[in-house]
Structure formats: C-alpha cells, structure tokens
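J.: Pasting the sequence and the predicted model now:
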Amino acid sequence: MSERHTDFFPADLQNQLNGRFYFLNHDVYGIQRLFFENAGGSLRLKSAVEAQTRYSAFPDCPERNHDVALDIRNVIDKGTEDIRLFLNAQSGSIATSLTASKLMFEIITTVAASKPEGNLVTTAIEHPSSYDACQFAAEQYQHELRVAAADPVSGSIPLSNILELIDEQTVLVSVILTSNITGAMHDIKEYAKKIKEKNPDTVIVVDAVQGAPHGVIDVEDWEIDALNIAPYKMFGNRGIGYAYLSDRIASLPHHRLLATASDNWHVGSPTPSHFAGFTEIINYICDIGSYYNASKDRRTLIVEGMEHIHQQEQAILHRFINGSAEATGIKNLPGVTIHFEQANNINQDLILALTFDNMSCSEAVKKYGEHNILVYARESTSHYSKRILEAIGLDAIVRVSPLHCHTKQDVDTFLQVTQTILSEASITV
Ligand SMILES: Cc1ncc(COP(=O)(O)O)c(C=O)c1O
C-alpha cells in the first residue's frame, strides 16, 4: 500500500472511532487530558472492557456440557481463532499466560533447553522480558550469550549486527519487532530470511508487544518460530499475554498438563473473558477495514484495518515532526531534539523520543502534565530502560506515544504546548 503522509482517517470514520474508547479526552477524574502514553498500556476499547466484564460474571466452568458452558467454550474458540487470524497463524500453537513477559521466559528457556551448549543471540534494545530470558537460559543451559549492537542514530538493530553473531551453534535469535523506547521497527521477514540463510535450524523469536497495535503481523509470511503480544497494549485489558509457536517448536518438552496434547501450551483452564475481549479488539480492527474494503473475509479486513491504522499513525508522526500551517513541527523548534529522526518516516512507529536543552526529561514530563498531556520519561534509573538507553547513547528521553485515534488537532495542541514549555524553560535559564 502506498503511504502518503497526509492520509489521515476521513472525519466520519475518525468520529466513529473516537466514541469507541474510554478516557480519550479526559482522565478518570473527568479532567481534560491527552493520553500520549500508549506504549505503557493503550487506551481501552469500551467494547473490549464490556465483553470482558460480562463474561467475568459467569460462574460456569467451560469444561461442562450444559448450554452456558457450551456458549463460553464458543467464546474461547472464537477468541483463539481471532488470535490466529490477527497473527496469520495458520499452523502451530497458541499459548496464553498472565503476561507477555512470562511467555517469553517460557518460550526462550524451552528452546534453550532443547539444545544445550550453543549460543543464544539477542539484541541490545530488547525489552528485559526477552533479554533477561536469554541471559537466564544461557546460564541454565550453558549457552554463550551474544548481544547484537544497536545503531544509536536510528535506534534500531542493523541486520548485519545480528548476522555477524550467527554460526552453526546458534540455537535461537530473539529480536524485537518494534522498540518500545526508540520506536524503530524491524523488517522481520527480511531478518528471518537472512538469519535462516546463515543457519536454517536457528529458532527465531519475536517480541511484538509494541508493534502489534501499529501494523500488520504475519507469522506465516515471516516464517518465524515464536511471537508474543499483550492485549493491554492493543486497546484491551491487562491480565493476559498470547504467543504463537511454530510446529517445529510447539512440541518441545515444556510445562504442560501431561494428559493434554504435546503441543498444548495452556497450563490449566483458560479464562473466557480474556478471549471475549480479544474478539472485540478484532471486531474493532475489522470495522476499520470494512470502511475501506467490502470483503467479508476476517483476515482481509484485519489486514486492511491494520494498514489504515499504520497509515493514520504515519500521518500523525509526520505532522508531529514537520508541523503544518497551524503549528510548528518539533524539527523546527529550537531547544528540543527529536531522536532517531533518520529512521522516522521510514521504519518508525508512532513514538517520539525527545530531549530538551534546558530541562531534564522528568521536568519536561511534569510540564506537559501541567498542560494536561500525559507523556513518560524513560530514564536510566529504571531497569526497564537502562541497558537500552546505554545502547543508544542516551541517559533519558521523553517518550511520546499517541494512538491512531488521536487527531490533527491533538498533534497541534501538543506542538503548541511544547512551544510554551520551551519558552518558559528558556526564560528560567
Ligand atoms: C516491547 C515490549 N515487550 C514486552 C513487554 C512486556 O509486557 P508485560 O510487562 O506485560 O509482560 C513490554 C511491556 O512494556 C514491551 O513494551
């Protein structure tokens, strides 16, 4: 699909979508607010929260044969089907766990245990859930841990930095789809292809928690072995993570109730309300797809919906950086630096990483808060950020992470507030 940076949603679609989220324009106290912290947990769809609440009230066990139990089982089956459609997982297994992090640990330790005394390749900008899982598994199963270096200019991991670490002993490569700190997106299809050319036996594990709400995922086409997502980052609730496992790793010895199939990764009884919530997320994406495409095929509508979400977010990103007749873009505001700009508009998620000449990042976050805009400072004092910031040569950034449902006006408000904050900071220096 061609990408034009002015391709915002048409106004009627935008209005429909905005009514579908809780707390889009105000916080829980009713105070007006712009929620630009979606990388920390995204705005929630009303329909997803409501479906989850409805099914949470049912006492019935899905493993029975009465009418309500059968209905609930259908909800689980439909939710599982929707996870598969969202990921385009035509084979393999779907795993669930309380968090996406827990799934990463399960997957990486399982793969690492299957072939000890090789090497595990991870990257310097992985989230701790995959990085620490690789470190843990390397220590447990006598693997060498190899870490691909980041390019500080783009905030991404160049493919060559991964390839140079791969040899016949490489058991697993773990690479993030989209960085939750720099916003850099990796072309996983291309990465997986080149990794397998060097070693076809290497298992490829992808953290898609940040990338999932912003673009199309296609595990079939990408030919990877594992990928995880977290609904609370993609318009749904906390309390569940999902993962895909390819046929070649799904039956490796792993934590499993032994009476179940060898490729079963649900340990214990599934929670119907989570699946009901996920189906509503997919319904929402399909509704966006239906605006542009008359198909009745659910995967087609998911792809269409996600492509338009991506396009809207690229338009938002472009306006943040370059501005418009209404407001000066960040690039042209003296006193603020936008990092990884080189990658912006090429392979960049809707994340702005900012630093200020005359203000610390935490001061800037406070100032935005005084103007009713919620953003977040990623600082090296946090173990979630330290290694990643060091890898890209920064001590802290202000992370601005809006969502596709935000508008041109929201961008302009942010830019005008930024200008005000900058002029206040230059006066106090
Ligand atoms: C890129 C990425 N991966 C993994 C995770 C882990 O998610 P959770 O803490 O829900 O397990 C996060 C959470 O912030 C993330 O941003």
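T.: Here it is on my side, so go on.
J.: from here on, contacts and neighbour counts on C-alpha atoms
T.: OK.
J.: Show me the shaky parts of the protein.
T.: 1-6, 342-346, 427-429 (pLDDT under 70).
J.: CA atoms of the top strand by length along the chain as CSV?
T.: For the chain, the longest strand by residue count, based on DSSP state E, is strand 170-176. Taking C-alpha atoms only, strand 170-176 is exported to CSV below (Å, rounded to 0.1, in the frame of the first residue of the first chain):
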residue,chain,number,x,y,z
THR,A,170,23.2,-20.6,17.2
VAL,A,171,20.2,-22.1,18.9
LEU,A,172,18.0,-19.1,19.0
VAL,A,173,17.8,-15.5,17.8
SER,A,174,15.5,-13.1,19.7
VAL,A,175,14.7,-9.8,18.0
ILE,A,176,12.1,-7.2,18.8
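J.: So what touches that strand?
T.: 111-112, 115, 118-123, 125-127, 130, 186, 199, 201-208 (CA atoms under 8 Å, 6 or more residues apart in numbering).
J.: Smallest distance to the ligand belongs to which residue of the stretch 101-250 of the chain?
T.: residue 101 (3.6 Å; CA to the nearest ligand atom).
J.: Show me which positions of the helix or strand where that residue lies end up buried.
T.: In this assignment (DSSP states H and E), residue 101 forms part of helix 100-114. Buried positions in helix 100-114, judged by neighbour count with 16 or more other CA atoms under 10 Å: 100-113.
J.: what comes into contact with the helix or strand following it?
T.: Note on helix 100-114: by DSSP H and E, the next helix or strand toward the C-terminus is strand 119-123. For strand 119-123, contacts defined as CA under 8 Å, 6+ apart pick out 112, 130-131, 134, 138, 143-150, 157, 162, 165-166, 169-175.
J.: Kindly recompute the last result at 7 Å.
T.: 131, 134, 138, 143-149, 165, 169-175 (CA atoms under 7 Å, 6 or more residues apart in numbering).
J.: Just the buried residues of those.
T.: 131, 134, 138, 143-149, 165, 169-175.
J.: elements contacting the helix holding residue 101?
T.: The criterion is 3 or more CA pairs under 7 Å, 6 or more residues apart in numbering; DSSP states H and E, and the helices and strands that helix 100-114 contacts are helix 128-140, strand 241-245.
J.: got the angle for the following helix or strand past the longest one vs helix 128-140?
T.: Meaning helix 128-140. Proceeding N to C from helix 128-140, the next assigned helix or strand is strand 144-148, under DSSP H and E. Per axes from the mean of the first three to the mean of the last three CA atoms, to 10 degrees, the angle that strand 144-148 makes with helix 128-140 is 150 degrees.
J.: Looking at the stretch 301-429 of the chain, which residue is nearest the ligand?
T.: For the stretch 301-429 of the chain, CA to the nearest ligand atom, closest residue to the ligand: residue 384, 8.3 Å.
J.: re earlier: just checking, the residue of the stretch 101-250 of the chain closest to the ligand touches residue 127?
T.: No. If you go by CA atoms under 7 Å, residue 101 and residue 127 don't touch, sitting 9.0 Å apart.
J.: Tabulate the buried residues of helix 100-114 (a markdown table), appending distance to residue 66.
T.: What follows is the buried residues of helix 100-114, written out as a markdown table (distance: CA to CA, whole Å):
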| residue | distance to residue 66 |
| --- | --- |
| 100 | 33 |
| 101 | 35 |
| 102 | 33 |
| 103 | 32 |
| 104 | 36 |
| 105 | 37 |
| 106 | 34 |
| 107 | 35 |
| 108 | 39 |
| 109 | 39 |
| 110 | 37 |
| 111 | 40 |
| 112 | 43 |
| 113 | 42 |
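J.: Name the residues that touch stretch 386-393?
T.: In contact with stretch 386-393 (CA under 7 Å, 6+ apart) are residues 124, 125, 150, 151, 152, 155, 379, 380, 395, 396.
J.: Same question for stretch 298-313.
T.: Contacts for stretch 298-313 (CA under 7 Å, 6+ apart): 3, 7-9, 85-86, 214-216, 285-286, 288-290, 295, 350, 403-404.
J.: Out of the residues you listed, name the ones that lie in helices.
T.: Of the positions in the contacts of stretch 298-313, 85, 86, 285, 286, 288, 289, 290 sit in helices, assigned by DSSP state H.
J.: need the contact list for the last one.
T.: Put plainly, it is residue 290. Contacts of residue 290 (CA under 7 Å, 6+ apart): residue 301.
J.: partner residues bridging residue 356?
T.: Under the criterion DSSP bridges, residue 356 forms beta bridges with residue 336.
J.: That one is in contact with residue 334, isn't it?
T.: No. Judged on CA under 7 Å, residue 356 makes no contact with residue 334 at a distance of 9.2 Å.
J.: more neighbours, those two?
T.: More neighbours surround residue 356 than the other of residue 356 and residue 334, with 18 against 12 (other CA atoms under 10 Å).
J.: Output the set of residues of the stretch 151-300 of the chain in proximity to the ligand.
T.: 179, 180, 207, 209, 210 (CA under 6 Å from any ligand atom).
J.: Who does the closest residue to the fourth one other than its chain neighbours form a beta bridge with?
T.: Residue nearest to residue 209 in three dimensions, not counting chain neighbours: residue 229, with 4.4 Å by CA to CA, 6 or more residues apart in numbering. Listed beta-bridge partners, residue 229: residue 242 (assigned using DSSP bridges).
J.: Residue 229 is in contact with residue 241, isn't it?
T.: Yes. Here residue 229 reaches residue 241: they are 5.9 Å apart, a contact under CA under 7 Å.
J.: Of the two, which one has the most company?
T.: Shown here are residue 229 and residue 241; by other CA under 10 Å, residue 229 has more neighbours (27 against 22).
J.: Now do the contacts for that one.
T.: Contacts of residue 229 by CA under 7 Å, 6+ apart are 100, 208, 209, 212, 241, 242, 243.
J.: mind redoing it with 10 Å?
T.: Contact partners of residue 229, counting by CA atoms under 10 Å, 6 or more residues apart in numbering, are 83, 87, 96, 99-101, 103, 206-213, 240-244.
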